[in-house]
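Chemist: got a structure for you, letters missing:
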């Protein structure tokens with residue numbers, strides 16, 4: 001894989017994590033590990049609305065920008081993207097599995113229903129109350 005392809009893999013993974021609600025620190029750490037495993041010296045610079053990737057491999061420095069509005073939280077997508085990124089970093093996946101199509105599939109995964117977000121804290125509150133008043 002050549003450096004522009006490597007940069008694309010890193011920035012697309014970072015985008016999938018960033019827009020789906022991964023913590024910024026974890027997104028930066030994951031993309032840094034990934035870029036090192038690909039033999040690329042790259043850094044992601046997040047901001048609201050975009051991600052910038054600066055790659056310094058060889059003499060010319062390249063910069064890539066992708067749109068990235070972190071407006072939703074989809075933990076299932078984040079978990080899938082993190083797992084795929086870690087597998088790629090560890091060498092468990094081939095470069096074909098690192099294609100943009102793989103990340104597109106992850107990004108199309110259905111989000112968790114809103115009613116579940118409302119139900120989970122309510123169930124936790126009930127269980128806490130029951131435990132407190134238990135004889």
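Modeler: Great, that's in hand. Computed from a prediction, not measured in an experiment: that's the story for all the values here.

Chemist: for residue 43, list the residues it contacts.
Modeler: 32, 35, 53, 54 (C-beta atoms under 8 Å, 6 or more residues apart in numbering). C-betas here are computed from N, CA, C, even on glycine.

Chemist: tell me the SS of the third one?
Modeler: Counting by DSSP: H, G, I helix; E, B strand; the rest coil, the backbone at residue 53 sits in strand.

Chemist: may I have the beta-bridge partners of it?
Modeler: Residue 53 forms beta bridges with residue 44, residue 64, as assigned by DSSP bridges.

Chemist: these two touch, right, it and residue 7?
Modeler: Yes - using C-beta atoms under 8 Å, residue 53 makes contact with residue 7 at a distance of 5.8 Å.

Chemist: what touches both of the two?
Modeler: In contact with both residue 53 and residue 7: 42, 64, using C-beta under 8 Å, 6+ apart.

Chemist: now tell me which helix or strand of the chain has the poorest mean pLDDT.
Modeler: helix 100-107 (a mean of 62; mean pLDDT, DSSP states H and E).

Chemist: C-terminal to that one, what's the next element?
Modeler: Per DSSP states H and E, the first helix or strand lying C-terminal to helix 100-107 is helix 114-132.

Chemist: quick check, central residue of this structure?
Modeler: The centroid of the chain falls nearest to residue 17 when counting by C-alpha atoms, centre = their mean (2.0 Å).

Chemist: wait, that one touches residue 28, no?
Modeler: No - using C-beta under 8 Å, residue 17 makes no contact with residue 28, being 9.4 Å away.

Chemist: secondary structure class for residue 46?
Modeler: strand.

Chemist: wouldn't it be in contact with residue 23 here?
Modeler: No - Residue 46 lies out of contact with residue 23 (C-beta under 8 Å); the separation is 10.8 Å.
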